[in-house]
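Asker: what's the 3D shape of this:
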Amino acid sequence: MKHRTPSRLLAILLAGLLAACAPTQQDNTAVKTAPRSDQTAPGRAAENETRPSAQGAVAATATVAVTPSAPTTPTAPLASAAQTAPQAQPKPAPKLAETMAANAPPGKVVAKKEARQEADARMAADRMSVAVQPQPQPPSYALAPMPPEARERYSQLTDNPVRQVAEAPVSTFSIDVDTGSYSNVRRMLNAGQLPPADAVRVEELINYFPYDYALPKDDRPFAVHSEMAPAPWNAERVLLRVGIKGQDVAKQALPPANVVFLVDVSGSMNSADKLPLLKSALKLLVAQMRAQDRISLVTYASGTRVILPPTPGTEKATISAAIDALQAGGSTAGASGIQLAYAAAQQSFVKGGINRILLATDGDFNVGIADTRQLKSMIEEKRKSGISLSTLGFGTGNYNEAMMEQIADVGDGAYSYIDNLMEGHKVLVNELTSTLATIARDVKVQIEFNPAVVKEYRLIGYENRQLAREDFNNDQVDAGDIGAGHTVTALYELTLAGSKASVDPLRYARQASVESPLGNELGHLKLRYKQPGSSTSELIDFPLQRSAIKALDAASSEFRFASAVAAYGQLLRGGKYTGDWRYADVRKLALANTGSDPYGYRGEFLRLLDLAAALGSKPAS
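Answerer: You can find the predicted model right below:
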């Protein structure tokens, strides 16, 4: 055996230690896969004990870098990291260190050895950090959360166009006493959003407010009034207002009432703005009932039930308890509920009295007949029995307003939207007589304009109430009904002869002469209506004189306030015909003409104008 010098032995020892400390290919793989501490190979135990801090740092770096974002096979993330990360090649151990260790005095070997181990550990950690570090990714930009899916349903509306009198001198439509669009729009504005254009029916905004029109002085059920003045938003146009005021009836003078509450208790009604609000609103009506009145309660969800048989209005505790017990759950068999409600109303029918169903729902029918056209056909057939159907809408999100409005129209009733308990009080207490008692049925309006005086006309609102000219005299054609005390307002925008027209005149049309005996007549207004229980209509008609046009400042306060509401509705729909007018202009006109406002409706309107102005001038898409 050859003897080796001490320095030679020291060099061999140092080389062995360096070799042991340098990471092998197997070590690199072990570090990249970040094994748990309980799976460390026995051969590495001594090394781990020698450099615990470095090993912990390497393991932590590897674990964070390669953790997969989705469940995969154990090796998949590693392959992905290895492919996407820049692979830094391990640097070879410097030869100078070996040389210095071989030539170092014996007393300094231990210190140099420890320093070398610490340096090697740092180098190994640095190499491993580079090896597993993923490549820089492009910056990610956080997107705003998507708004919830809009599932509310509205009938599509297109603004009535400007019509030339020379081409189409006659305008015919059904009156409308619905007010649901106003309170539904209010709900959206209070929630901080502009309504979609199709949710805005201008005539319902105008007719939300009671107007101080004179009551009828004869035996007719309503009086008809007209007024004309320049349009506030366009001085070259004239506004024609047709106002109807129904004969009022005191609550105690109403005939006996047979009222069926038809309540949706399906799962979709399980929110604070639906069934709980509905129950509170119905109890307001119960408080107004008299001994001669009868109330029934029918519910529908997955099935239908008669919860309360006809009960005298004096048994308020019994009726209120039945309402309080209602709970939401299940699907929505609305058509079956409507059929059962008609059967219940027929069973307790009051001849010569009020027979009405109040359907309270969000309109989200999903079992049985759900198509609006089929529902309308069914209700058209049922109304022949003399039972009317009105709708009370509740809630948001899945609200089906299109159905609520249309089935009330064919049910000889009115549509209201209850967004809060104050609105419930308005509809079921303040306006109880007009909600329950009908004084005129199938009311139609027709105006023939004189082409010698009027070039163009445009009916503001009533887009889904248009009738054919021949429908006016056809008593088989359904139209709107007027309740006791109702006011109804319709506005036309007119272009008079001599003013700049919106549409070019026809080249070959015969020009009318103002020299005719009717040259001062702006138009001829006619109304048809049926008395309750009658199948034959009666006629009211009178001419509209051009000389009746006043200056806007001389027009009545009611005329100017209605004009302001009309402008508000048109702006919410996009302001196609209102020129440069803005919400500030509308507010100024409305504020000066609030008049008598006992319930604060007009004051609230001013606040809604401020909200609409703050949210913008364009409707939500």
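Asker: from here on, contacts and neighbour counts on C-alpha atoms
Answerer: Fine.
Asker: show me what contacts residue 211?
Answerer: The neighbours of residue 211, taking Cα atoms under 8 Å, 6 or more residues apart in numbering as the test, are 487, 558.
Asker: and it, what element?
Answerer: Secondary structure assignment for residue 211, by DSSP states H and E: no helix or strand.
Asker: Begin at 163, not 1, for the rest of this chat.
Answerer: Sure thing, new numbering starts at 163, so read that last one as residue 373.
Asker: and the gap between it and residue 758?
Answerer: As judged by Cα to Cα, to the nearest Å, residue 373 and residue 758 stand 9 Å apart.
Asker: How about residue 609?
Answerer: Plainly put, residue 609 is 31 Å away from residue 758 if you go by Cα to Cα.
Asker: who's more crowded, these two?
Answerer: residue 609 (21 against 12; other Cα atoms under 10 Å).
Asker: And the contacts of the helix or strand that contains that one?
Answerer: Secondary structure assigned from DSSP H and E places residue 609 in strand 600-611. By Cα under 8 Å, 6+ apart, the residues outside strand 600-611 that reach it are 327, 331-337, 383, 408-409, 574, 634, 639-646, 684-694.
Asker: hmm, 7 Å instead?
Answerer: Residues outside strand 600-611 that contact it (Cα atoms under 7 Å, 6 or more residues apart in numbering): 327, 331-337, 383, 634, 640-646, 684-694.
Asker: Check which helices and strands the helix or strand following it sits against.
Answerer: Per DSSP H and E, the first helix or strand lying C-terminal to strand 600-611 is strand 616-622. With contacts defined as 3 or more Cα pairs under 7 Å, 6 or more residues apart in numbering; DSSP states H and E, the packing partners of strand 616-622 are strand 325-326, strand 649-658.
Asker: buried set for strand 616-622?
Answerer: The neighbour-count check on strand 616-622 (16 or more other Cα atoms under 10 Å) flags 616-622 as buried.
Asker: Could you give the average pLDDT over the strand holding residue 609?
Answerer: Mean per-residue pLDDT for strand 600-611: 97.
Asker: Kindly export that strand (C-alpha atoms) in PDB.
Answerer: Output of strand 600-611 as PDB, limited to C-alpha atoms (Å, rounded to 0.1, in the frame of the first residue of the first chain):
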ATOM      1  CA  THR A 600    -116.300  49.900 -13.800                       C
ATOM      2  CA  ILE A 601    -118.500  52.700 -15.000                       C
ATOM      3  CA  ALA A 602    -117.800  52.500 -18.800                       C
ATOM      4  CA  ARG A 603    -116.600  49.600 -20.900                       C
ATOM      5  CA  ASP A 604    -114.800  49.400 -24.300                       C
ATOM      6  CA  VAL A 605    -114.000  53.100 -24.500                       C
ATOM      7  CA  LYS A 606    -112.600  54.100 -27.900                       C
ATOM      8  CA  VAL A 607    -111.400  57.500 -29.100                       C
ATOM      9  CA  GLN A 608    -111.300  58.600 -32.800                       C
ATOM     10  CA  ILE A 609    -110.200  61.900 -34.200                       C
ATOM     11  CA  GLU A 610    -110.600  63.000 -37.800                       C
ATOM     12  CA  PHE A 611    -108.200  65.900 -38.500                       C
END
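Asker: distance between that strand and the chain's centre?
Answerer: Between the centre of strand 600-611 and the centre of its chain there are 32 Å (Cα atoms, centre = their mean, to the nearest Å).
Asker: go on, stretch 574-582?
Answerer: Stretch 574-582 has its C-alpha centroid displaced from the chain centroid by 16 Å (Cα atoms, centre = their mean).
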